[in-house]
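> Need coordinates for the below:
(2 chains)
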Amino acid sequence: GDSVTQMEGPVTLSEEAFLTINCTYTATGYPSLFWYVQYPGEGLQLLLKATKADDKGSNKGFEATYRKETTSFHLEKGSVQVSDSAVYFCAFFTGTASKLTFGTGTRLQVTL
Amino acid sequence: DTEVTQTPKHLVMGMTNKKSLKCEQHMGHRAMYWYKQKAKKPPELMFVYSYEKLSINESVPSRFSPECPNSSLLNLHLHALQPEDSALYLCASSQDKQGHTEAFFGQGTRLTVV
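Sure, this is the predicted structure:
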């Protein structure tokens, strides 16, 4: 069935470090892929998206490339800030259904 | 404007109370969703409305009753809840239910059942 696998957290980094959060998916067809971010006590915000193979989504210094060959959508940022501390979810809609399939979420903690 | 507005932000209710959660969007989206999120877990889908009709109910107990009065509004009526129903309830909307566009989430209602 459809699923998303994310790396286990928490991920703890020093400010200005490079970030990678791995995401691989199993899906029927080629769905649009999303990264959502959830700051403490808040709802989910769409961080970036990619709608087809080799698309690169980017926003606020974060990037992710839709890799069909490896069924991956890894999130990267060159230099993290304390304000990036949050939980990050990789997700896609299943087939023609309306169900967003989420990964388990990866908690990122950035320290000074 | 990509805003989904949920009210109230916080709600404490007793197990015999009746309350409602409200959600509103003005993006012209035709699909609206209710999700439940427990601490340290991803959101779990509860209901999907498409063009104001209920299209998916993920086997949610009848003490949760959704309603879509019009294309901009989504309600979740709560009655006789249990303490284990305490969670963050998230509303979301998307352009349609085919999954070709992203879903936008509200800030959520943090519900505590006492």
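> Can you get me a residue count around the one residue in chain A that gets nearest to chain B?
Nearest residue of chain A to chain B, counting by Cβ to the nearest Cβ: A:Phe93, 2.7 Å away. Every residue, glycine included, has its C-beta placed from N, CA and C. Counted by other Cβ atoms under 10 Å in any protein chain shown, the residues lying close to A:Phe93 total 24.
> ok, it touching A:Phe102?
No - with contact defined as Cβ atoms under 8 Å, A:Phe93 does not count as touching A:Phe102 (10.8 Å).
> mind listing the strands for chain A?
With strands called from DSSP state E, chain A shows them at A:3-6, A:11-14, A:19-21, A:23-26, A:33-38, A:44-50, A:56-59, A:62-65, A:75-77, A:86-93, A:100-102, A:106-111.
> least reliable of these going by mean pLDDT?
Least confidently modelled of those is strand A:100-102, at a mean of 90 by mean pLDDT.
> Bridge partners for B:Phe104, pull those for me.
Counting by DSSP bridges, B:Phe104 forms beta bridges with B:Ser93.
> pLDDT score for B:Gly99?
Per-residue confidence (pLDDT) for B:Gly99: 52.
> which non-adjacent residue is nearest residue 14?
Defaulting to chain A. Nearest non-adjacent residue to A:Ser14, counting by Cβ to Cβ, 6 or more residues apart in numbering or on different chains: A:Thr111, 5.9 Å away.
> Sorry, I should have been clearer: chain B.
According to Cβ to Cβ, 6+ apart, the nearest residue to B:Gly14 is B:Val114 (5.8 Å).
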